[in-house]
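Engineer: Just the structure for this:
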Amino acid sequence: MKPGRNVVKIIVRLIIIISVTALPGIIAISLIPDPPEEEIKEALAAISEAASSNATIYSRRLYREAEAAYDSAMTVWKRENRRFILFRNYSRVISLANTAAEKGRLAAASSVTGSRNLSERLKVQIKEAEKVDSRIEKLFTRYPLKEELRKRLAKGRLLLREAEVAYKKNQLLAANRMITDAEYLLTDVYKNAMEELKSYFGAFPTWKKWAETSVAESARNNSTLILVDKFARKCYLYHDGKIKFAFEAELGKNWVGDKKRMGDKATPEGKYVVTRKFQGKETQFYKSLAINYPNNEDIERFKSDISKGVIPQGSKIGSGIEIHGGGGKGADWTDGCVALSDKDMDILFPLVKTGTPVTIVGSLKNIDDLISSDNE
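Structural biologist: Sure thing, here's the model as predicted:
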């Protein structure tokens, strides 16, 4: 046998031996499962995207499900890694990671939609609350609401302003809490105030009769008439049944309702006449026109209220009601009188004489007309 052939045979045998020896290792390496790193990475990215989309707020259920699936995937992965390398099975890990990724993407999408829907709803709520506040402003700015309603109104308006600021800053959850409370408070105030106002306007038929008969007498007698509309804060000067002047008026601090007794700071309602005219040092209010409050009807009502216990025993009916100057403050501040600006008193004073009729009514408009004009 030639030496060259022996060398070839030896090499072939060595190759065979090496191959046979290495084959199990090669097979073993090929059987090692790939770790689910990509799936875990994808799941984590989806959950992070959901979190940045505020899914913890707007899509809490899906976000929690995504987190739970991710945590389970990590737990199963760790458990598999403790097993012998050839016995590891990552299929469950991959399935859980895929679920986590899917839930995360759904949570992100749902959160974006939820945020958009909430933003749109808040925009509507804020607008509606502003409308209610505007109605309160128009009807009740100078209406003597009860102290509790005043406090609730102030709180409601503050929450509305804060909700508007939070909304502009895209702090939607904070805005949602604030506008919900503001809407409740403002609506409640408006409801209670309207109930009180409707009760007050139960006297409208009487007011209307007083006003109509007074104007008719002015027209029939070609005479002068002072007509005060308390709700409108207007003092009208009529002559021959026609309005000649309209003045802004300020009333008693507690002007709603008829005057019942001394110290209630209410402006009386009824048909009166001018009894005296004062000016200069005769009055502290520039110029004034005293009226005959209490008249006979006032006295009878006062006695009836005393007997029925409506007002306390020992109360006095009061007096000294005037139309006087010193007004123009933009608020109701008198003890029951009707105040005009000094400039307006300069116009009114010389046109009025002792005996001139003075009719004071709650309103010349009925409540439906007031509400209708308020909603325009």
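Engineer: Can you report phi and psi for Met262?
Structural biologist: Per-residue torsions, Met262: phi -60, psi 140 (degrees, to the nearest 10).
Engineer: Sorry, wrong one. I was asking about Pro144.
Structural biologist: According to degrees, to the nearest 10, Pro144 has phi -80, psi 80.
Engineer: Could you list which residues are in contact with the closest residue to Pro268 other than its chain neighbours?
Structural biologist: Distances taken as Cβ to Cβ, 6 or more residues apart in numbering put Lys259 closest to Pro268, at 3.9 Å, once the chain neighbours are dropped. The way it works is simple: take the backbone N, C-alpha and C, and place the C-beta from them, glycine included. Counting by Cβ atoms under 8 Å, 6 or more residues apart in numbering, Lys259 makes contact with 252, 266-269, 293, 298, 318, 321, 336.
Engineer: Same check on Ile347?
Structural biologist: Ile347 touches 237, 245, 247, counting by Cβ under 8 Å, 6+ apart.
Engineer: Could you rerun that using 10 Å?
Structural biologist: Going by Cβ atoms under 10 Å, 6 or more residues apart in numbering, Ile347 touches 237, 244-245, 247, 340-341.
Engineer: about what we covered before: helix, strand, or coil at the residue nearest to Pro268?
Structural biologist: coil (DSSP: H, G, I helix; E, B strand; the rest coil).
Engineer: Quick check, pLDDT for the residue nearest to Ala166 when sequence neighbours are not counted.
Structural biologist: Leaving aside its sequence neighbours, Ala166 sits nearest to Ala175 (Cβ to Cβ, 6+ apart; 3.8 Å). Looking at Ala175, its pLDDT reads 93.
Engineer: Please apply the same query to Gly241.
Structural biologist: For Gly241, the predicted pLDDT is 96.
Engineer: close enough to count as contact, it and Thr213?
Structural biologist: No. Because the distance of 11.4 Å does not satisfy Cβ atoms under 10 Å, Gly241 is recorded as not touching Thr213.
Engineer: re the thing from before, can you tell me which of the contacts of Lys259 end up in helices?
Structural biologist: Asp298 (DSSP state H).
Engineer: Can I get the contacts of Lys259 in TSV including distance to Val165 and pLDDT?
Structural biologist: Shown next, in TSV, are the contacts of Lys259 (distance: Cβ to Cβ, whole Å; pLDDT from 0 to 100):
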residue	distance to Val165	pLDDT
Gly252	38	93
Ala266	40	90
Thr267	40	94
Pro268	45	94
Glu269	44	95
Tyr293	49	93
Asp298	51	89
Gly318	48	83
Ile321	47	94
Gly336	42	93
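Engineer: Val361: which of the contacts of Lys259 is nearest?
Structural biologist: Using Cβ to Cβ, Glu269 is the member of the contacts of Lys259 that lies nearest Val361, at 6.1 Å.
Engineer: measure the residue nearest to the closest one when sequence neighbours are not counted to Ala154 for me?
Structural biologist: Sequence neighbours aside, Asp258 is the residue nearest to Glu269 in space, at 4.7 Å (criterion: Cβ to Cβ, 6+ apart). Distance from Asp258 to Ala154, counting by Cβ to Cβ, to the nearest Å: 29 Å.
Engineer: Ramachandran angles for the residue nearest to Ala166?
Structural biologist: phi -60, psi -40.
Engineer: same thing with the one 3 residues further on?
Structural biologist: Backbone dihedrals for Met178, given as degrees, to the nearest 10, come out at phi -70, psi -40.
Engineer: Report how many residues lie close to it.
Structural biologist: 24 (other Cβ atoms under 10 Å).
Engineer: Could you count how many residues lie near the closest residue to it other than its chain neighbours?
Structural biologist: Among residues not flanking Met178 along the chain, Ala163 sits closest, at 3.7 Å (Cβ to Cβ, 6+ apart). For Ala163, the neighbour count with other Cβ under 10 Å is 25.
Engineer: tell me the contacts of Ala163?
Structural biologist: 122, 125-126, 129, 171, 174-183.
Engineer: Go again with 7 Å.
Structural biologist: 126, 175, 178-179, 182 (Cβ atoms under 7 Å, 6 or more residues apart in numbering).
Engineer: got a list of what Asp298 touches?
Structural biologist: Counted by Cβ under 7 Å, 6+ apart, Asp298 has contacts 268, 270, 317.
Engineer: correct me, but the last one touches Arg261?
Structural biologist: Yes. Under the criterion of Cβ atoms under 7 Å, Ile317 makes contact with Arg261 at 6.1 Å.
Engineer: which residues do the two both contact?
Structural biologist: Phe302.
Engineer: any chance you could map the strands in this protein?
Structural biologist: Ranges of strands in the chain, per DSSP state E, are 224-229, 234-239, 242-248, 270-279, 287-291, 322-324, 338-339, 357-361.
Engineer: Pipe the ones you listed into JSON lines and attach mean neighbour count and distance to Asp346 per row.
Structural biologist: Formatted as JSON lines, the strands of the chain follow (neighbours: other Cβ atoms under 10 Å; distance: least, Cβ to Cβ, whole Å):
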{"stretch": "strand 224-229", "mean neighbour count": "23", "distance to Asp346": "15"}
{"stretch": "strand 234-239", "mean neighbour count": "20", "distance to Asp346": "13"}
{"stretch": "strand 242-248", "mean neighbour count": "15", "distance to Asp346": "11"}
{"stretch": "strand 270-279", "mean neighbour count": "18", "distance to Asp346": "10"}
{"stretch": "strand 287-291", "mean neighbour count": "25", "distance to Asp346": "7"}
{"stretch": "strand 322-324", "mean neighbour count": "25", "distance to Asp346": "12"}
{"stretch": "strand 338-339", "mean neighbour count": "28", "distance to Asp346": "14"}
{"stretch": "strand 357-361", "mean neighbour count": "24", "distance to Asp346": "18"}
